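Enquirer: any chance you can model this:
(one chain, ligands or ions: 2)
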Amino acid sequence: MKSPVHRCRDVEHGRGQVGNGAGLSCLQSEQHIPIPKDVITSYSASAMWFIRDACGIVCAIITWLLVFYAEFVVLFVLLVPSKSLTYSIVNGTLFNSLAFLALASHLRAMCTDPGAVPKGNATKEYIESLQLKPGQVVYKCPKCSSIKPDRAHHCSVCKRCIRKMDHHCPWVNNCVGENNQKYFVLFTMYIALVSLHALVMVVFHFLNCFEEDWTLCSSFSPPVTVILLILLCFEGLLFLIFTSVMFGTQVHSICTDETGIERLKGETGQWEKVPCWEAMQKAFGGPFSLTWCSPFAGLSCKNSPVEHVSVPQGEIIEEDVIEIPLT
Ligand SMILES: [Zn+2]
Ligand SMILES: [Zn+2]
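Expert: Ligands and ions are numbered 1, 2, ... in the order given. Next up is the predicted model:
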């Protein structure tokens, strides 16, 4: 249970809508009843989600260029000059499939609404429509004027409150949250696998070519071949380490039902934890099957289907802690 001080930490004290004031709301924090998630939902699933952040867009483009660089070196230095057609076809198919799945996961992670709370919905009309019980407390985000559901955090890059926000990742130019965590996990997994595969092929290439004439081993001159391969090794190692660590961290986050932000802010243990396997099924959209590994399978089996609520227009309430009177 949050301490009153803790509970007040991320809210600004307003004037108190109904006479009690924000301070009293904090003292009575044990009366806080979480608002059901289906009451406050995303509304943007119909439109394509894309964050217009220059740094994120540059990072996302760099990610794609690095994958294309690896694709070029693997094809034209490692596979095309190879004497064994079977070796080239098997490795070419595997490498291209992994690279394709990595890029598809990247696109899905980037263009899926991570679980954004409708902006500016903290209006009198909307709060009245929630039909909250007496004594119930709701929190308003002072930055995007939205009613903040439990476990939502405000992202300053997305300029929105995101449900179960883990972190904002510039490499996918998006927040990693409740709705796109699966795609982010798949992205890290496929990049780790594609990097490992490239590294294994480079090692085989070096071993084979040391025994033979280097000019027969590549379509490029030996110095260019060596430089291309060293760069590929460097890229592969860096990405393998980085994405393996990210993959492990994300799976651990899902399993322990704690997001990165919650761990950082020390907010853990304030909600009923979902068991590991159940949390995995929720994050990956249903019982274990091959669709867990597919970036094309949606998260249709989630417990709380996303309803499309239009953003209400009206007078925005200034208070950050809004308490419904007891009488
Ligand atoms: Zn916010
Ligand atoms: Zn964000």
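Enquirer: need the pLDDT of residue 125.
Expert: Listed pLDDT for residue 125 reads 81.
Enquirer: pLDDT below threshold where in the stretch 151-300 of the chain?
Expert: Residue ranges of the stretch 151-300 of the chain with pLDDT under 70: 214, 299-300.
Enquirer: what about the strands in it?
Expert: 152-155, 160-163, 167-169, 174-176 (DSSP state E, counting those that start in this stretch).
Enquirer: redo the ones you listed as TSV? Include mean neighbour count.
Expert: The C-beta positions use only the backbone N, C-alpha and C, and glycine is treated the same way. Listed next are the strands of the stretch 151-300 of the chain as TSV, based on neighbours: other CB atoms under 10 Å:
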stretch	mean neighbour count
strand 152-155	22
strand 160-163	26
strand 167-169	21
strand 174-176	29
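Enquirer: is it possible to get CSV of those that adds distance to residue 187?
Expert: Putting the strands of the stretch 151-300 of the chain into CSV (distance: least, CB to CB, whole Å) gives the following:
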stretch, distance to residue 187
strand 152-155, 19
strand 160-163, 18
strand 167-169, 9
strand 174-176, 10
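Enquirer: format those strands as CSV; extra columns: distance to ligand 2.
Expert: As requested, the strands of the stretch 151-300 of the chain are exported to CSV (distance: least, CB to the ion, whole Å):
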stretch, distance to ligand 2
strand 152-155, 3
strand 160-163, 6
strand 167-169, 4
strand 174-176, 3
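Enquirer: could you pull out the helices for the stretch 201-327 of the chain?
Expert: Under the criterion DSSP state H, counting those that start in this stretch, helices of the stretch 201-327 of the chain are mapped to 222-256, 260-265, 276-284.
Enquirer: tell me if the shortest one is near ligand 1.
Expert: Just to be clear, that refers to helix 260-265. No. Figure legend: helix 260-265 not in contact with ligand 1 (CB under 5 Å from the ion); closest approach 13.0 Å.
Enquirer: how about that helix and ligand 2, touching?
Expert: No. Residues of helix 260-265 are not located near ligand 2 by CB under 5 Å from the ion, the shortest gap being 10.8 Å.
Enquirer: which neighbouring elements make contact with that helix?
Expert: Where contact means 3 or more CB pairs under 8 Å, 6 or more residues apart in numbering; DSSP states H and E, helix 260-265 is packed against helix 222-256.
Enquirer: orientation of the helix it packs on relative to helix 276-284 in degrees?
Expert: Counting by axes from the mean of the first three to the mean of the last three CA atoms, to 10 degrees, helix 222-256 lies at 120 degrees to helix 276-284.
Enquirer: can you offset everything so residue one is 45?
Expert: Taking 45 as the first residue, the last one we looked at is helix 266-300.
Enquirer: any buried residues in helix 266-300, and which?
Expert: By 16 or more other CB atoms under 10 Å, the buried positions in helix 266-300 come out as 269-270, 272-273, 276-277, 279-280, 283-284, 287-288, 290-291, 293-295, 297-298.
Enquirer: over to stretch 311-320?
Expert: Buried, per 16+ other CB under 10 Å, within stretch 311-320: 311, 318.
Enquirer: what's next to stretch 333-340, contact-wise?
Expert: Where contact means CB atoms under 8 Å, 6 or more residues apart in numbering, the residues beyond stretch 333-340 that reach it are 145, 148, 149, 151, 152, 226, 227, 230, 231, 328, 329, 341.
Enquirer: please pick the buried ones from those residues.
Expert: Here, 16+ other CB under 10 Å leaves 145, 148, 149, 151, 152, 226, 227, 230, 231, 328, 329, 341 buried among those.
Enquirer: can you tell me the element the second one falls in?
Expert: Residue 148 is located in helix 129-155, with elements delineated by DSSP states H and E.
Enquirer: immediately after that helix, which helix or strand?
Expert: Using DSSP H and E, the helix or strand that follows helix 129-155 in sequence is helix 168-173.
Enquirer: check which residues of that next one are buried.
Expert: Within helix 168-173, the residues that qualify as buried are 170, 171, counting by 16+ other CB under 10 Å.
Enquirer: got the residues of the stretch 145-294 of the chain near ligand 1?
Expert: Residues of the stretch 145-294 of the chain lying near ligand 1 (CB under 5 Å from the ion): 185, 187, 188, 198, 205.
Enquirer: mind listing what the last one touches?
Expert: With contacts defined as CB under 8 Å, 6+ apart, the neighbours of residue 205 are 160, 161, 185, 188, 190, 192, 193, 196, 197, 198, 199.
Enquirer: go with 10 Å
Expert: By CB atoms under 10 Å, 6 or more residues apart in numbering, the contact set of residue 205 is 84, 159-163, 183-185, 187-193, 196-199, 221.
Enquirer: next: the second one.
Expert: Remark: with contacts taken as CB under 10 Å, 6+ apart, residue 187 is in contact with 56, 163, 198, 199, 200, 203, 204, 205.
Enquirer: so where does it fall, helix or strand?
Expert: Per DSSP H and E, there is no helix or strand for residue 187.
Enquirer: low-confidence ranges, the stretch 45-194 of the chain, go.
Expert: The model of the stretch 45-194 of the chain has pLDDT under 70 over residues 45-90.
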